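Novice: pasting the structure only:
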């Protein structure tokens, strides 16, 4: 007898339906076909132990399991549950007509309990597209999948629960999540706030500009100046996620298996801070079975690279193209996958190995030429792609102990949101543009038009600083954002002057 169940395979951030076919015929042994990896091949032993623990048996005749389509590689242990149910149906240990109505996924423990899986959200989205009645999956993944409406999400904790439901011996209450209510309840809820930061007003201003225009930023300053503390608070002043952005972000984290137990929708912007020992693949994504890297996990959020020169040169260089295109393409012999990577890069670095070059009080002890060599660890093309270069100086004792009340993240975010609304109106005819940092070069000339005084000022700055054409575009984009924050229709000289000062690392003689 041939039995069929349906599961899902995740490729990139999308899923594809997989048909699990089981046929029990005369002969011996268990045969698994359809390009399974080692984890899928080992399912025979998990399935057999789980069946025995529930009082069932593994057929001793020749059991053929095919995962179709057979030319796509299947990976992971999540096919255990559909294989087990199809084996029971094919061996006539259960009788049900419900199997083909549901997508079924889950990893079996040896005692028949179910462990969570990766990619439940994209599989649920695909199940709804193909008009399946529901999705039977481990209870730990139920809230994540329940974001998808018009699909019955049926959580099970054991193989026996799934059998009882499919044979009509028990009912399972579908899990419902009111996506909009959940999104509204927890949107923009951050545990840290800019009001906790004393002093550093100039740095807060630079981060406000970065948030308003979606600009990348690097902070240069000595140890203990507050670079990491400020970077961690940047998501709290970014505009709240839209529902579509929240769904996209949740989808990426679901594929990577980064959603917590019983997690549903991600409602705040992600903040990722990988260690400087990270590899190329871990940062941009890839591997034998391509998975999203840190830059994709930062999608619609912030990627923070602390101590930027300590990262391997090859790791930093592979970021250049994703920063421009806002996506990562992973190519293999038989498949090419796209992962989204629309993130804000925030980096920090010491000005020299000892950390005290240009310090107002402490003396730098680095030998001549060491500062230059240290800065050269970060390539010019990468720095060109970072719009704001900001010098951070330590906070004085008087500033730390002052009773002045600092602005809260909510107050700063209000100004950022107003500036983003101006940009949304400006780019409403372009689906893939929503902030100034994303403007292509041909649009910069139209949107960032300068008056005669502005052109003279920028020409002088370009000649004296030796800026590249890409840096020229960056200055204009930042100036446009500053004008948006001030509510100005045109870029004025003061806006341009402020934008030029945020090119510290381009300044001639900055490093001696």
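Specialist: Received, thanks. Worth saying up front: this structure is predicted, and the values here are computed from it rather than measured.
Novice: Helix or strand next in line after the helix or strand of the chain with the lowest mean pLDDT, which one?
Specialist: Among the helices and strands of the chain, helix 397-401 carries the lowest confidence by mean pLDDT, DSSP states H and E, at a mean of 68. Sequence-wise, the next helix or strand downstream of helix 397-401 (DSSP states H and E) is helix 409-426.
Novice: surely residue 210 meets residue 387?
Specialist: Yes - if you go by Cβ atoms under 8 Å, residue 210 and residue 387 touch, sitting 7.3 Å apart. In short, each C-beta sits where N, CA and C put it, glycine included.
Novice: what's the neighbour count on residue 257?
Specialist: Applying other Cβ atoms under 10 Å, we find 13 residues neighbouring residue 257.
Novice: just checking, it touches residue 115?
Specialist: No - counting by Cβ under 8 Å, residue 257 stays clear of residue 115, with 11.4 Å between them.
Novice: so what sits against both of residue 210 and residue 387?
Specialist: Taking Cβ atoms under 8 Å, 6 or more residues apart in numbering as the contact rule, residue 210 and residue 387 both touch 216-217.
Novice: pLDDT (mean, whole number) over stretch 357-374?
Specialist: Averaged across stretch 357-374, the pLDDT comes to 82.
Novice: Span of it from start to end?
Specialist: 11 Å (Cα to Cα, to the nearest Å).
Novice: Stretch 191-210 too?
Specialist: With Cα to Cα as the measure, the ends of stretch 191-210 fall 21 Å from one another.
Novice: can you list the residues that contact that stretch?
Specialist: Contacts for stretch 191-210 (Cβ under 8 Å, 6+ apart): 215-217, 219, 226, 229-230, 232-234, 236-237, 344, 346, 387-388, 390, 392, 395-396, 399-400, 402, 404-410, 412, 415-416, 478, 481-482, 485, 502.
Novice: For PyMOL, write the select line for the buried members of those.
Specialist: Burial among the contacts of stretch 191-210 is assessed by 16 or more other Cβ atoms under 10 Å; the matching PyMOL selection reads:
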select buried, resi 215+216+217+219+226+230+232+233+234+236+237+344+346+387+388+390+392+395+406+407+409+412+415+416+478+481+482+485+502
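Novice: which regions of the stretch 51-200 of the chain lie under the pLDDT threshold?
Specialist: For the stretch 51-200 of the chain, the stretches flagged by pLDDT under 70 are 186-188.
Novice: and if we set it to 80?
Specialist: For the stretch 51-200 of the chain, residues meeting the criterion pLDDT under 80 lie at 179-189.
Novice: And the stretch 251-400 of the chain, by the same measure?
Specialist: 260-264, 287-289, 332-335, 358-361, 368, 395-400.
Novice: who touches residue 331 in this structure?
Specialist: Residue 331 neighbours (Cβ under 8 Å, 6+ apart): residue 337.
Novice: With residue 285 as the reference, measure out to it.
Specialist: Between residue 331 and residue 285 the computed distance is 12 Å (Cβ to Cβ, to the nearest Å).
Novice: Next SSE downstream of whichever strand or helix holds residue 153?
Specialist: Using DSSP H and E, residue 153 sits within strand 152-156. Next in sequence after strand 152-156, counting helices and strands by DSSP H and E, comes helix 159-166.
Novice: So which elements touch that following helix?
Specialist: Applying 3 or more Cβ pairs under 8 Å, 6 or more residues apart in numbering; DSSP states H and E, one finds that helix 159-166 contacts helix 80-90, strand 134-138, strand 152-156.
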